[in-house]
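1. Next one to model:
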Amino acid sequence: MILKTKSPLNTQTPQAIAGQKQEQDVAFYLRRAFKDHPEVLVINDFRFTYNDETAQIDHLIIYTYGFVLIESKSIKGHVDVNQLGEWTRSHGNHWFGMPSPIKQVELQQSLLREMLKQHRSEILGKLLGIKQQGFGMRCWDHLCAISSDAVINRDTMPAAISELLVKTEFLVEKLEKIMNLKSKFMRIISVSDTRPDFNQEELNSIANFLIDRHVDPHQTDSEITLTQAQQIREPVAQFEVNKAVEAKPQVITQSATHSTEESPDDLQINHQIRVEAHLVA
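-> The predicted model follows:
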């Protein structure tokens, strides 16, 4: 089930356009594979803040046994990774170093685990009504989905990194292997699979918690949510005034006491400033 699609961006540079195209390609394959699957929940372009840190996950999958984070990477040409895990890519006849997308998604995963652990009592119930459930024993995996036309030099690449690097068109097969989903009946009778699982209510609870904490990169200060506003003392009054002005726009007629060069927009702004100053005082 697709819970959130990719947020469109007004990209202009060739690199940004290629990156967005790669994320859209990955989202397409995820949609084709899991759009009707109630136990595989997909959040594309998930951005959140926790403990004064911000992370952006290209694709987050929540499923019966845990989580899979996917970093999309658009790369033209060849990709090399040496034994130290350092990445290089070719462009024309030249080679350039690049940040490791594996390290990047590992940092995102770490922050996500910390946030979920902190709020586990809000999200998950207690086992047999006694022991609080958590996220530590769940399955946590991450992958890097790379452009289909990239040339990956796997012969010299560390095996551990090669295992996490997959071309876009093979992503769904890789995910199905990682998740190894079973029917509810098979989960009950299986004795070899000891993975703790989420029930449907818990999956929905996790999804709702995360969606509520998504931060829109285009969100303006006046669009801040009430929960966020209440964490700050003085801006609360300004938040409420702005919302009131937006909900009931006032038509202010020009009077003789105002300058003839003052527009209606200027008058409304000055009126709003006076109201905010009065509330602060």
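2. which SSE is residue 46 in?
-> Element membership of residue 46 [criterion: DSSP states H and E] is strand 40-50.
3. What is the subsequent helix or strand relative to that strand?
-> From strand 40-50, the next helix or strand downstream (DSSP H and E) is strand 53-63.
4. elements contacting that next one?
-> Counting contacts by 3 or more CB pairs under 8 Å, 6 or more residues apart in numbering; DSSP states H and E, the secondary-structure elements packed against strand 53-63 are helix 14-34, strand 40-50, strand 66-73, helix 101-118, helix 171-179, helix 200-212. Glycine gets a C-beta too; all of them are placed from N, C-alpha and C.
5. And the strand holding residue 46, what's buried?
-> Judged by neighbour count using 16 or more other CB atoms under 10 Å, the buried positions of strand 40-50 are 40-46, 48.
6. now do stretch 165-173
-> Buried residues in stretch 165-173, defined by neighbour count with 16+ other CB under 10 Å: 165-166, 168, 171-172.
7. just how off-centre is it within its chain?
-> Here the centre of mass of C-alpha atoms in stretch 165-173, compared against the chain's by CA atoms, centre = their mean, to the nearest Å, lies 20 Å away.
8. just use 811 as the starting number from now, easier for me
-> New numbering, starting at 811: the last item is stretch 975-983.
9. Just the endpoints, please. Distance across it?
-> The distance separating the two terminal residues of stretch 975-983, taken as CA to CA, to the nearest Å, comes to 13 Å.
10. ranges for the strands of the stretch 961-1091 of the chain?
-> Listed in chain order, the strands found in the stretch 961-1091 of the chain under DSSP state E, counting those that start in this stretch are 961-962, 975-977.
11. quick one: low-confidence ranges for the chain?
-> Low-confidence regions of the chain, defined here as pLDDT under 70, cover residues 938, 1029-1091.
12. returning to what we had before: of the buried residues of strand 850-860, closest to residue 994?
-> Within the buried residues of strand 850-860, the smallest distance to residue 994 is 14.2 Å, found for residue 850 (CB to CB).
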